[in-house]
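# Fold the following.
(chains A and B)
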Amino acid sequence: MAKIWNAICKVKWKHFVNYIAIGIVGLIFSIMTLTTKLPMSTTVLLETITLNIVLAVSLSLVVGFLGELSLGHAGFMCIGAYAGGIISCIFKESNIEEGKGILTFIVSMIIGAVVAGIFGFLVGLPALRLKGDYLAIVTLAFGEIVKTVLENLDLKVENGFNIRGALGMRTPRFDKETLFIIGFVLVLLTVFIVQNLIRSKHGRAITAIRDNEIAAKASGINVTKYKLMGFVISAALAGIAGVYFSFANYNVKASVFDYNYSIEILIMVVLGGMGNVSGAIISATAITWINTELQTSLTGELAVLKDIIYALILVIIIIYNNAPGLKFFRERFNLRRGIDWIKHKVLRIKHDASHEKDDESAWDRVPTKIEMNEVLSTDFVVVESTQNPDKEEK
Amino acid sequence: MEFLINLVNGLSLGGVYAMIALGYTMVYGIAKMLNFAHGDIIMVGGYTVYVFLNLFNPLVANAPWLAFLSPVVAILASIIVCPILGVAVEKTAYKPLRGASPLAVLITAIGVSYLLQSLALIIFGADVKFVIIADLGAIKLGDLIIKYNTIITLVATVAVMVGLTLFVKFTKTGRAMVAVSEDRDAARLMGVNINLIITVTFAIGSALAALAGVCSLLETPSLTSTFGALPGIKAFTAAVIGGIGSIPGAMVGGLLLGVVECICNSIPPLAPYTMAVEFIILIVILLVKPSGILGKKRREKV
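Modelled structure (predicted):
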């Protein structure tokens, strides 16, 4: 038992676990929909889940790894949705694949990502040069601007597209039964991009900036460049999610992409644990599923109850995870220790350090600023007090 | 003439923004956090006024000479309720996070804002409430109509700004606030009770939010659960434009933003894009002079 466990441990599973899990789930549902038709509600749910996973993982790049707050994620998504819609309409008018083939999707995905990325650059440049909470307010403003501008835009191009202001834009819709397969591919793509970015040199620079901006600057990291890089990639991924949204719906309306949508994505990221890709995937799935379940049971005034619970969850989780006063409690009761306890006491597996390398700094759990300060400040502690810290305090 | 009308309307709207921006700037300057829930405290102030007006209006209906009483009581009530709420939020949500990363505090503030909005929605419902505090009429100068409410708003804003400046300059608490905003650790070593100062700041900021809610209701009497959200964002924009942390800066930024908004609204092709224009001004200011019009540049310490 123990030998098998250690053999499994030697593979760095945590680098692949996301791909494997998403791949298996995606494959199962794809086979199911291709052989026996899945009910419409399931395919729509899978669509929404994959869409939200893409959004949550891309936002977690900004909130979790870059340490900045973006409140305009839905705005970038909106830009992607309109760009994708325009491309698919043009393809439809030009009689290429009726505007709903794989080629259309790839072309509009690239264009949507590029356009959203350009907007991300324009928004990020003034805000990310500064220290402070400016990005939050600028992205919030950006989301509102995109919404109001597109709601008031009447633009008709002959043999092209037709944007009808608040009514939105009609776009060709993909086949509902198979669209979620593309969704799973997109999720894999997003997770691949984000995980590999974080583990690369650039990603380490990004997390270094989050942990201590001045120290990162002193180490020769170009702070603005790396902040912009993270933010633009996140915006481009949100643009891809927008294109996906436009393919999933007959009509793209700007009013869908409002402030509340951005907050909902933020809740997914925070609930999953900031700076944790797997957590973002799990919480996005859970919240989307719960939302769909509640949509039918909670109606009218009661629908607000959901928002109250989400807001409370947001506040409680942030306080629990970040409050300096709760540090002791946090170290005592956490999931990692719980798993260790089960391993040691219940399964009686002895800890084997042979497969652990020295440089295996967990990339998904970069030390926070407080931990770093402790590491850095050990030099100043007197030797006697490090041996018996408890007595010294008493 | 049309320009003059826009200017007057803009100044009155700007007065409201300035009042909110003063609260933002106080909290940001001293607690070093962006209080996203500020706009929703305005909304709570508005609903308090609504509740107390409804309570007192039947009482004074039989006695017309007491009619002035119900608005006064309602305004006083909101000035009492809002600081209590602000301090409660500060103690429960923000105080445990003192010393944590700014991102955590920011997300908590958003959570609190979302919570207050949802609570208001579930308690008072989604329908628009019309709250008429007082209708005092207007002065007519030819085509130019100036409402007394506008004058009240402007006078109140200027008075609050002057009062705050004097308070910060000449009282012991005010000096302590400046000390905390300059260097928190040094202030603690000098014997300043930091937690108390931050609590007082939140109380003052929330009282300003209550006043802003009243002024806002004087301008536009429709009240919903998102009543404070958009003015809150705009007022923060105004505070950044004027220079965040600076009291006169908040005033200048607020008035500027109000005038720009009214001028944009009077030009038909530009009217739907008023918000875009305002935020583009913000982005330009951040690019050209990030410390704002009246803000001071601060050096960063390791």
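
# Let me see the contact set for residue A:107.
For residue A:107, the contacting residues are A:87, A:91, by CB atoms under 8 Å, 6 or more residues apart in numbering or on different chains. All C-beta atoms are positioned from the backbone trio N, CA, C, and that covers glycine.

# Equivalent analysis for the one 4 residues further on, please.
The neighbourhood of residue A:111, defined by CB under 8 Å, 6+ apart, consists of A:83-84, A:87.

# do residue B:186 as well
residue B:179.

# Could you confirm it falls within a helix?
Yes - counting by DSSP: H, G, I helix; E, B strand; the rest coil, residue B:186 is located in a helix.

# Look up how far residue B:179 lies from it.
In this view, residue B:186 and residue B:179 are 7 Å apart by CB to CB, to the nearest Å.

# try residue B:30
10 Å.

# How about residue B:110?
Applying CB to CB to residue B:110 and residue B:179 gives a distance of 29 Å.

# Compare these two (neighbour count), which wins?
Between residue B:110 and residue B:179, counted using other CB atoms under 10 Å in any protein chain shown, residue B:110 has the larger neighbour count: 27 against 18.

# Who wins on neighbours among the contacts of residue A:111?
When neighbours are counted by other CB under 10 Å, residue A:84 leads those with 32 neighbours.

# what's the closest non-adjacent residue to that one?
residue A:243 (3.2 Å; CB to CB, 6 or more residues apart in numbering or on different chains).

# neighbours around that neighbour, how many?
Number of residues near residue A:243 (other CB under 10 Å) recorded here: 31.

# Now do the same for it: helix, strand or coil?
helix.

# Now do it, the pLDDT please.
At residue A:243, the model reports a pLDDT of 93.

# Same check on the one 10 residues further on?
The per-residue pLDDT reported for residue A:253 equals 88.

# Please verify my assumption that it contacts residue A:167.
Yes - taking contacts as CB atoms under 8 Å, residue A:253 lies within contact range of residue A:167: 7.3 Å.

# Give me the more crowded residue out of those two.
Higher neighbour count among residue A:253 and residue A:167: residue A:253, with 18 against 14, using other CB under 10 Å.

# Chain neighbours aside, what residue packs nearest to the more buried one?
Closest to residue A:253 by CB to CB, 6+ apart is residue A:168, at 3.5 Å.

# For that neighbour, the count of nearby residues, please.
The number of residues near residue A:168, taken as other CB under 10 Å, comes to 21.

# mind checking how far it is from residue A:154?
According to CB to CB, residue A:168 and residue A:154 sit 11 Å apart.

# just the strands in the stretch 101-250 of chain B please.
B:129-130, B:138-141, B:144-147, B:222-223 (DSSP state E, counting those that start in this stretch).

# just the ones you listed: most buried one?
Compared across those, strand B:222-223 shows the largest average neighbour count, a mean of 17 (mean count of other CB atoms under 10 Å in any protein chain shown).

# which helices and strands does it pack with?
The criterion is 3 or more CB pairs under 8 Å, 6 or more residues apart in numbering or on different chains; DSSP states H and E, and the helices and strands that strand B:222-223 contacts are helix B:38-60, strand B:129-130.

# Quick one: mean pLDDT for it?
For strand B:222-223, the mean pLDDT works out to 89.

# what lines up beside it in the sheet?
Strand B:222-223 pairs in its sheet with strand B:129-130 (antiparallel), by DSSP bridges.

# Any chance you could list what contacts the strand it pairs with?
If you take CB under 8 Å, 6+ apart as the criterion, strand B:129-130 is touched by B:47, B:50, B:221-224.

# Helix or strand: which one has residue 88?
Using chain A here. helix A:73-93 (DSSP states H and E).

# My question was about chain B, not that one.
helix B:69-89.

# go on, residue A:220?
Counting by DSSP H and E, residue A:220 is part of no helix or strand.

# quick revisit: out of the helices and strands packed on strand B:222-223, deepest packed?
helix B:38-60 comes out most buried of those by mean count of other CB under 10 Å, with a mean of 22.

# That helix vs chain A: in contact?
No - shown here: helix B:38-60 not in contact with chain A (CB under 8 Å from any CB of the partner chain), separated by at least 10.9 Å.

# so where is the stretch 201-350 of chain A shaky, pLDDT-wise?
Where the stretch 201-350 of chain A drops to pLDDT under 70, the residues are A:300-301, A:350.

# if we can go back for a sec, for the helix holding residue B:88, which positions count as buried?
Along helix B:69-89, these residues count as buried under the neighbour rule (16 or more other CB atoms under 10 Å in any protein chain shown): B:70-71, B:73-75, B:77-79, B:81-83, B:85-87, B:89.

# middle-most residue in chain A, spatially?
residue A:57 (1.8 Å; CA atoms, centre = their mean).

# In this structure that one contacts residue A:188, no?
No - Residue A:57 is beyond contact range of residue A:188, at 10.6 Å (criterion: CB under 8 Å).

# Next one: the spatially closest residue to residue B:142 that is not a sequence neighbour from chain A, what distance?
In space, residue B:142 comes closest to residue B:1 once its chain neighbours are excluded; the distance is 7.9 Å by CB to CB, 6+ apart. As judged by CB to the nearest CB, to the nearest Å, residue B:1 and chain A stand 28 Å apart.

# My read is that residue B:1 contacts residue B:266, right?
No - between residue B:1 and residue B:266 there is no contact under CB under 8 Å: 11.8 Å.

# Which one of these two is surrounded by more residues?
Per other CB under 10 Å, whichever of residue B:1 and residue B:266 has more neighbours is residue B:266, with 15 against 8.

# pLDDT score for residue 156?
Just so you know, I chose chain A. At residue A:156, pLDDT is 80.

# not quite, I wanted chain B
Reported pLDDT for residue B:156: 90.

# Residue B:254 contacts residue B:237, doesn't it?
No - counting by CB under 8 Å, residue B:254 does not reach residue B:237; the two are 9.5 Å apart.

# between these two, which one's more packed in?
residue B:254 (33 against 27).

# so where does that one fall, helix or strand?
helix B:247-266.

# ok now that helix, how far from the chain's centre?
Using CA atoms, centre = their mean, to the nearest Å, the distance from the centre of helix B:247-266 to the centre of the chain it belongs to is 14 Å.

# is that helix anywhere near chain A?
No - applying CB under 8 Å from any CB, one finds helix B:247-266 separated from chain A by no less than 12.1 Å.

# so what's residue B:107 up against?
Neighbouring residues of residue B:107 by CB under 8 Å, 6+ apart: A:63, A:69, A:266, A:270, A:314, A:318.

# does residue A:71 count as helix, strand or coil?
Following three-state DSSP, we place residue A:71 in the coil state.

# Now it, what are its backbone angles?
Here is the backbone geometry of residue A:71 (degrees, to the nearest 10): phi -110, psi 10.

# Setting aside sequence-adjacent positions, which residue approaches it most closely?
That would be residue A:140: by CB to CB, 6+ apart, it lies 4.1 Å from residue A:71.

# Which positions within the helix or strand hosting that neighbour qualify as buried?
Here residue A:140 sits within helix A:134-151, counting by DSSP H and E. Within helix A:134-151, the residues that count as buried by 16+ other CB under 10 Å are A:134-148, A:150.

# Check which element follows it along the chain.
By DSSP H and E, the next helix or strand past helix A:134-151 is strand A:154-156.

# what does that following strand contact?
A:161-165.

# swap the cut-off to 6 Å and go again
A:162-163, A:165 (CB atoms under 6 Å, 6 or more residues apart in numbering or on different chains).

# just how off-centre is that strand within its chain?
Distance, centroid of strand A:154-156 to centroid of chain: 33 Å (CA atoms, centre = their mean).

# Could you list the buried residues of it?
Under 16+ other CB under 10 Å, strand A:154-156 has no buried positions.
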